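In: The following block contains a protein sequence and its predicted model.
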Protein chains: 2
Amino acid sequence: MTNREDALELHSRKPGKISIESAVDVESKEDLNLVYTPGVAEPCKEIAKDKDKAREYTTKGNLVAVVSDGSAVLGLGDIGPEASMPVMEGKCNLFKKFGNVDAFPLVLDTETSEEIIETVERTEPTLGGVNLEDISSPECFRIEEELKRRMDVPVFHDDQHGTAIVMLAALRNALEIVEKDLSDSRIVVLGAGASGIAVSNILLDAGAENIVPVDSSGILRTDEGNEYKQDLAERTQASQESGTLEDAIEGADVLIGLSTGGVVSKGMVSSMNKDSIVFACANPDPEIMPSEAKEAGAEIVATGRSDFDNQVNNSLAFPGVFRGALDAEASDIDEEMKLAASEAIRNFVEPRKDRIVPETLDSELAEEIAEKVREAA
Amino acid sequence: MTNREDALELHSRKPGKISIESAVDVESKEDLNLVYTPGVAEPCKEIAKDKDKAREYTTKGNLVAVVSDGSAVLGLGDIGPEASMPVMEGKCNLFKKFGNVDAFPLVLDTETSEEIIETVERTEPTLGGVNLEDISSPECFRIEEELKRRMDVPVFHDDQHGTAIVMLAALRNALEIVEKDLSDSRIVVLGAGASGIAVSNILLDAGAENIVPVDSSGILRTDEGNEYKQDLAERTQASQESGTLEDAIEGADVLIGLSTGGVVSKGMVSSMNKDSIVFACANPDPEIMPSEAKEAGAEIVATGRSDFDNQVNNSLAFPGVFRGALDAEASDIDEEMKLAASEAIRNFVEPRKDRIVPETLDSELAEEIAEKVREAA
């Protein structure tokens, strides 16, 4: 496992995990006259005549802000914007490495959802896209909805959609191995935060018809919890059922855990259908350890961790998704583009029980995703 | 002179004038585990305990936003944020090249000064400093004042202070050559926008006692114009005098033009004191062409242009000023730091009539400025 000292040492190296470089060298007075005044006035004038020329004459078309208020960081919770900065910088690093996207962190000291919305909205002239990150639920839903409505560049809350894209790919491959259909399978989604709700939504879009969403109070209800939970309950099997997590899991084909460590017992997994699939993706501690899940009869097991097989990690998706959306000059990343990205991830591997998703470091994956997302855009 | 086609060609090169790079390479799963989850949680936890650790574990301490609303761009006026982007990117390029500062553009779609203020204020957790740029006068004064008050990182409006720092250095060297004192000299400052007011202020701070500020209506008055002009009139010779530009210039030792092209005649320059100094810095067309000023008797002439001797250009100052302020972890760039920067620029050359300021591309200048700014901080 990762060593605390190694992580701190790496993060204390200068210049940090990203570096903003001069991409045009200034060696002579002539260079300076082109890069800065007076030459710089020429592209300014062209863009003043036609705003769309900003993509031609500036970095805007490849520039993404990784935005957070630090209210729901990893498993650490509401640690504030300053403390969320290492995550956003790490993301910017991976954006360049795998997607050739120029991304910078933008962590915000805000009090309300409206403050986040108006702040990000105002930065639109700078940006080709917005990656929202680690913003608490349910505020994240309205923030993303509003920004998508107000902005003409793609806005993508990675905790929701990155997770959903990868989860769908992993599930399709797992179902193929055990020869079950997505539409017939009983799928319990445990956790109704940002990722749980987004995963349920993409599964519905992909054709799943028997989803049972569950939170810490049991199967979601149409008359309890926030509006997003109630809405999801109405659109799924939860509207027909009630009960505990145990009740939901009994007879299920698939359990997708996006909640907290250790909440699933071996007995629960044993009560699932034959050839059961268990994705225990709580971080850092899974809902049930892979060895226990397998002892209890699970046929295919995945986690969010790099030290077990089948790491379901949203870093598989976001670099390629944004690469494709930016190349297409898309104004949004819609459901079709997400499904296309998921298919690209799914088809990137010949599925085996211990390899239902690609390796996180495969540099060709992002290109493959980008191509499919461009086509779908 | 600069060629329009060359400038457009350069600006259409990809990836643009800046590029955001991965500064830590991710080649193995172990690397990924340190740069991103789960290792990234360790610096997050350290910063959550002590916000100041953000400078140790992230890029924050070297990260500057170059902020504009595009309301007063170069000589082009209010062309909007998108069209101002090439200037901001050019600035970011020079920040890295000369100051090793990681700077990104942040152009804002805002309607009011308050919107700019609150937007920039909210980005503080991301930043080591803020460079304000090309914001119209007099709004720029209140925006900078408020941001300085509300933020704990340096906020620096380069059109004001960058210009002022370089202008003072140039003037001190010019006065040395003609053997006049700053305190005794009659100095006409033509233009009472952002740079004119800032130049007058730094001259006052440096000991000038006979400044006559003038705008397009003549010598400033204590009962006319915006509050910043009235305030400046009260603090200078303008409170004792009234009259036209001609009246102001007659008998002056120094004319500093920060207004518009062609407004100064040979006759006006002829009416100045012996060994007169004329800085005609309007861009792209100077208040009077250098050849005419010399014919009319000016002893030392400077402009803002690169195709004449003595280019008074704020790109001489800002990379070194921010380098010094960031190194010192300063919460502000105060008057003392600005005067120190100006002294560093002044002392960098052995002054001659045709070389009162350093060359813009001297890479050692920024280091020299940074050292003096650090000492003053």
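Out: Thanks, I have the structure now.

In: Do a quick rundown of the helices in the stretch 1-150 of chain A.
Out: Listed in chain order, the helices of the stretch 1-150 of chain A (DSSP state H, counting those that start in this stretch) span A:4-12, A:29-35, A:41-49, A:54-57, A:81-99, A:113-122, A:139-150.

In: mind putting those helices in JSON lines, mean neighbour count, mean pLDDT and distance to chain B included?
Out: Bear in mind the C-beta positions are built from the backbone N, C-alpha and C, glycine included. Output for the helices of the stretch 1-150 of chain A, formatted as JSON lines (neighbours: other CB atoms under 10 Å in any protein chain shown; pLDDT from 0 to 100; distance: least, CB to the nearest CB, whole Å):
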{"stretch": "helix A:4-12", "mean neighbour count": "17", "mean pLDDT": "92", "distance to chain B": "4"}
{"stretch": "helix A:29-35", "mean neighbour count": "20", "mean pLDDT": "89", "distance to chain B": "5"}
{"stretch": "helix A:41-49", "mean neighbour count": "22", "mean pLDDT": "96", "distance to chain B": "4"}
{"stretch": "helix A:54-57", "mean neighbour count": "21", "mean pLDDT": "96", "distance to chain B": "4"}
{"stretch": "helix A:81-99", "mean neighbour count": "27", "mean pLDDT": "97", "distance to chain B": "4"}
{"stretch": "helix A:113-122", "mean neighbour count": "20", "mean pLDDT": "98", "distance to chain B": "5"}
{"stretch": "helix A:139-150", "mean neighbour count": "18", "mean pLDDT": "98", "distance to chain B": "10"}
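
In: Switch the ones you listed over to a markdown table, and while doing so, append distance to A:G128 to every line.
Out: Output for these, formatted as a markdown table (distance: least, CB to CB, whole Å):
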| stretch | distance to A:G128 |
| --- | --- |
| helix A:4-12 | 27 |
| helix A:29-35 | 21 |
| helix A:41-49 | 14 |
| helix A:54-57 | 7 |
| helix A:81-99 | 12 |
| helix A:113-122 | 14 |
| helix A:139-150 | 14 |
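
In: Those: which one's closest to B:S136?
Out: Proximity to B:S136 (CB to CB) singles out helix A:41-49 among the helices of the stretch 1-150 of chain A, at 15.2 Å.

In: between that closest one and helix B:81-99, how many degrees?
Out: On the basis of axes from the mean of the first three to the mean of the last three CA atoms, to 10 degrees, helix A:41-49 is oriented at 150 degrees to helix B:81-99.

In: mind checking how far A:A169 is from A:A344?
Out: 8 Å (CB to CB, to the nearest Å).

In: all strands in the stretch 201-350 of chain A, in order from the N-terminus.
Out: A:211-215, A:218-219, A:254-257, A:277-280, A:300-303 (DSSP state E, counting those that start in this stretch).

In: Out of those, flag the one nearest A:S136.
Out: Comparing those by CB to CB, strand A:211-215 comes nearest, at 14.9 Å.

In: now for the longest helix along chain A, which elements pack on it?
Out: Determined from DSSP state H, the single longest helix within chain A is helix A:158-178. Identification of packing neighbours for helix A:158-178 by 3 or more CB pairs under 8 Å, 6 or more residues apart in numbering or on different chains; DSSP states H and E yields strand A:129-132, helix A:139-150, helix A:194-206, strand A:254-257, strand A:277-280, strand A:300-303, helix A:318-327, helix A:335-347.

In: so what does the fifth one touch, helix or strand wise?
Out: By that I understand strand A:277-280. Counting contacts by 3+ CB pairs under 8 Å, 6+ apart, strand A:277-280 is packed against helix A:158-178, strand A:254-257, helix A:290-295, strand A:300-303.

In: what about the ones you listed, which gets the closest to B:S216?
Out: Checking those against B:S216 by CB to CB gives helix A:158-178 as the closest, at 52.5 Å.

In: can you give me the mean pLDDT across the helix or strand following that closest one?
Out: Heading C-terminal from helix A:158-178, the first helix or strand you meet, by DSSP states H and E, is strand A:187-190. Model confidence over strand A:187-190, given as mean pLDDT, is 98.

In: what does strand A:187-190 contact?
Out: Residues outside strand A:187-190 that contact it (CB atoms under 8 Å, 6 or more residues apart in numbering or on different chains) are A:171, A:196, A:199-200, A:203, A:208, A:210-215, A:245, A:248-249, A:252-259, A:263-264, A:287.

In: In its sheet, which strands sit next to it, and in what direction?
Out: The strands that strand A:187-190 pairs with in its sheet are strand A:211-215 (parallel), strand A:254-257 (parallel) (by DSSP bridges).

In: Make JSON lines out of those and add distance to A:D309.
Out: Putting those into JSON lines (distance: least, CB to CB, whole Å) gives the following:
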{"stretch": "strand A:211-215", "distance to A:D309": "25"}
{"stretch": "strand A:254-257", "distance to A:D309": "16"}
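
In: quick one on the thing from earlier: got a markdown table for the strands of the stretch 201-350 of chain A, with mean neighbour count and mean pLDDT too?
Out: Shown next, in a markdown table, are the strands of the stretch 201-350 of chain A (neighbours: other CB atoms under 10 Å in any protein chain shown; pLDDT from 0 to 100):
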| stretch | mean neighbour count | mean pLDDT |
| --- | --- | --- |
| strand A:211-215 | 24 | 98 |
| strand A:218-219 | 20 | 97 |
| strand A:254-257 | 28 | 98 |
| strand A:277-280 | 30 | 98 |
| strand A:300-303 | 28 | 98 |
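
In: Next, the contact list for A:A103, please.
Out: By CB under 8 Å, 6+ apart, the contact set of A:A103 is A:18, A:63-66, A:91-92, A:95-96, A:131, B:20.
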